[in-house]
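Student: One predicted model, sequence on top.
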Amino acid sequence: MSYQLSAVIADVELLREQTAELDHAVLGELRQDFALLPVTPQLVEELTGSLPDYSVEERTDEHPFDLVLGPALTATLARWSGRGPVAYVEAEFFGGLGYQSAAVWLDGALHWGPRVDSALDSPREGWPINAALVELGVEPGAWIDAFAELGLHLERNTAGWLAHGRRRLSADYWDELAEQWEEEQSGR
């Protein structure tokens, strides 16, 4: 099974304020008052005035992301972080192989990262996206890690997150569906 994510994650109100005038911004609601902004080529072009550039390098500390975060895009993330922490996260997996990478901006500057992990053989809390989410202020909960706590496992790719946002679904929507299915299966 594959998984792909390229997104900005921050407080839902921060992202609503910063993206209100953008034509290609679609917010996916997460738990704990966070939101996910899927990063599409159209959004990058709208934010930067130019088409996105993608790295052909293997994911390393020097090249942690598939999307090249050029000066215009990093300036946007830095500007948004003046209102609160903002993370850019990427993940791509297929058949157990892939990577996770993340960076966090705060108070107008890069605050944490970027970090990349292609092995993911360390404890889950140290994985780049989980560590970045903690930097954002995600609180521990009933789920296995911060990634699942926010509901980042609910969609498998950017298209799924775009549909999630356009339908104005919350992460709790999926929990409610699971509970309904369990009740139907148990005959209650």
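Tutor: It's in. Please read these numbers as outputs of a predicted model, since none were measured by experiment.
Student: Now do the SS call for the nearest residue to Val39 once chain neighbours are set aside.
Tutor: Leaving aside its chain neighbours, Val39 sits nearest to Ser6 (4.5 Å; criterion: CB to CB, 6 or more residues apart in numbering). Quick note: C-beta positions are derived from backbone N, CA and C, even for glycine. Look at Ser6: counting by DSSP: H, G, I helix; E, B strand; the rest coil, its state is strand.
Student: ditto for Trp80
Tutor: Classified using three-state DSSP, Trp80 is helix.
Student: Which parts of this protein are helices?
Tutor: Assigned by DSSP state H, the chain shows helices spanning 12-19, 41-48, 71-80, 128-136, 146-150, 158-166, 171-186.
Student: among those helices, which is nearest Val104?
Tutor: Val104 lies closest to helix 128-136 among the helices of the chain, at 4.5 Å (CB to CB).
Student: any idea how far that closest one is from the chain center?
Tutor: Chain-centre distance of helix 128-136: 10 Å, with CA atoms, centre = their mean, to the nearest Å.
Student: ok, now stretch 66-83?
Tutor: 14 Å.
Student: Give the buried residues for that stretch.
Tutor: Asp66, Leu67, Leu69, Leu73, Thr74, Thr76, Leu77, Ala78, Trp80, Ser81, Arg83 (16 or more other CB atoms under 10 Å).
Student: So which of those residues is the closest to Glu92?
Tutor: Nearest to Glu92 among the buried residues of stretch 66-83: Asp66, at 7.0 Å, using CB to CB.
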